[in-house]
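# next one to model:
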Amino acid sequence: MDRDRNICQADRKDGCDIKIIEPSVEIITPIDYDAIMQHLEACGRTCYKSEHKTGPGSAERLVRNLIKRGHESVLEHYSFTVRWIVDRAISHQIVRHRIASYSQESQRYCSYIKDAFGGNVTFIRPVQIEPGTPAYTIWESMMQRCECAYFDMLALGCSPQAARSVLPNSTKTELMMTANIREWRHFLKLRTSAGADPNMRYIAGQLLTVFKTVMPALFDDIERPDDDIEQKGV
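Purely as a prediction, here's the structure:
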């Protein structure tokens, strides 16, 4: 055990093998825009018994009108699942939205020393910290120290759930989030607003862009505030 601990310290003393990735988001649910619109139209027209008005283009017109009038309960009849790859700090913000279901990578059971994880702890760089700056040097150095401490604790015989106590907020995590359309709209309005955490706003903005592209009637009324996060490429 002492030998393994010494190897761990020697192999990672310069931290050169740490893995840093960008956050990402992906819609897992297959998107059939016309089918979604027709489903929501059937639900919405039940309220007014206006099924006789169904026809070409009627679904999108109805849904846009429902949103404009604030009758968004109809949007609760369809849900999507999204895969987030973010840091632990952002995941804590995501799971605060309670009208949703979550499945998240467990640091209690996932041992990052295993081949399935490439033998590395993976970290996500905060968008405010530019590579090559003094702040980035400090951040990267700390991630190296945290990874080394994590593997040293495993080498001492600690369990993953004990060793995780030294991992920082920048540690990568993966989670699935399933929510209905109304909740996704609420989520994106909050998490892309000017007052949101820049890291949350960055990744939520990516999701909003995708939603606007594949389901315009449901999301194109949500406006992102002007900011320079993406323009700066951070």
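
# and the contacts of stretch 195-213?
The contact list for stretch 195-213 (Cβ atoms under 8 Å, 6 or more residues apart in numbering) reads 23-25, 27, 82, 84, 86-87, 89-90, 93-94, 126-128, 184, 187-188, 190-193, 218-220, 222, 224, 227, 229-230. Where C-beta positions appear, they are placed from N, C-alpha and C, glycine not excepted.

# now with 7 Å, please.
Stretch 195-213 is contacted by residues 23, 25, 27, 82, 86, 90, 93, 126-128, 188, 190-192, 219-220, 222, 224, 229 when judged by Cβ atoms under 7 Å, 6 or more residues apart in numbering.

# does residue 29 touch residue 81 like I think?
Yes - applying Cβ atoms under 7 Å as the test, residue 29 and residue 81 come out as touching, 4.9 Å apart.

# which one of these two has more residues nearby?
More neighbours surround residue 81 than the other of residue 29 and residue 81, with 15 against 12 (other Cβ atoms under 10 Å).

# and the residue lying closest to residue 126 once chain neighbours are set aside, how many neighbours does it have?
In space, and not counting its chain neighbours, residue 126 is closest to residue 199: 5.8 Å by Cβ to Cβ, 6 or more residues apart in numbering. By other Cβ under 10 Å, the residues close to residue 199 number 23.

# quick one: which helix or strand includes residue 199?
Per DSSP states H and E: residue 199 is located in helix 198-214.

# how about that helix: buried residues?
199-208, 210-212 (16 or more other Cβ atoms under 10 Å).

# residue 143 is in contact with residue 170, isn't it?
Yes - under the criterion of Cβ under 7 Å, residue 143 makes contact with residue 170 at 6.3 Å.

# shared neighbours of the two, anything?
With Cβ under 7 Å, 6+ apart as the test, residue 143 and residue 170 both reach residue 123.

# now, the most widely separated pair of the buried residues of helix 198-214?
Maximum pairwise distance in the buried residues of helix 198-214, criterion Cβ to Cβ, is 20.8 Å, between 199 and 212.

# what's next to whatever helix or strand residue 44 lives in, contact-wise?
Using DSSP H and E, residue 44 sits within helix 33-48. Residues external to helix 33-48 that are found in contact with it (Cβ under 7 Å, 6+ apart): 51, 54, 58-60, 62-63, 66, 74-75, 77-78, 214-215, 217.

# of those, which belong to helices?
Among these, the members found in helices (DSSP state H) are 58-60, 62-63, 66, 214, 217.

# now tabulate those residues in CSV and tack on pLDDT and distance to residue 34.
Converted to CSV, the ones in helices among the contacts of helix 33-48 look like this (pLDDT from 0 to 100; distance: Cβ to Cβ, whole Å):
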residue, pLDDT, distance to residue 34
58, 97, 12
59, 97, 8
60, 96, 9
62, 97, 13
63, 97, 12
66, 96, 17
214, 97, 12
217, 97, 11
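
# out of the residues you listed, who's nearest residue 114?
Comparing every one of the ones in helices among the contacts of helix 33-48 with residue 114 (Cβ to Cβ), the shortest separation belongs to residue 214, at 35.9 Å.
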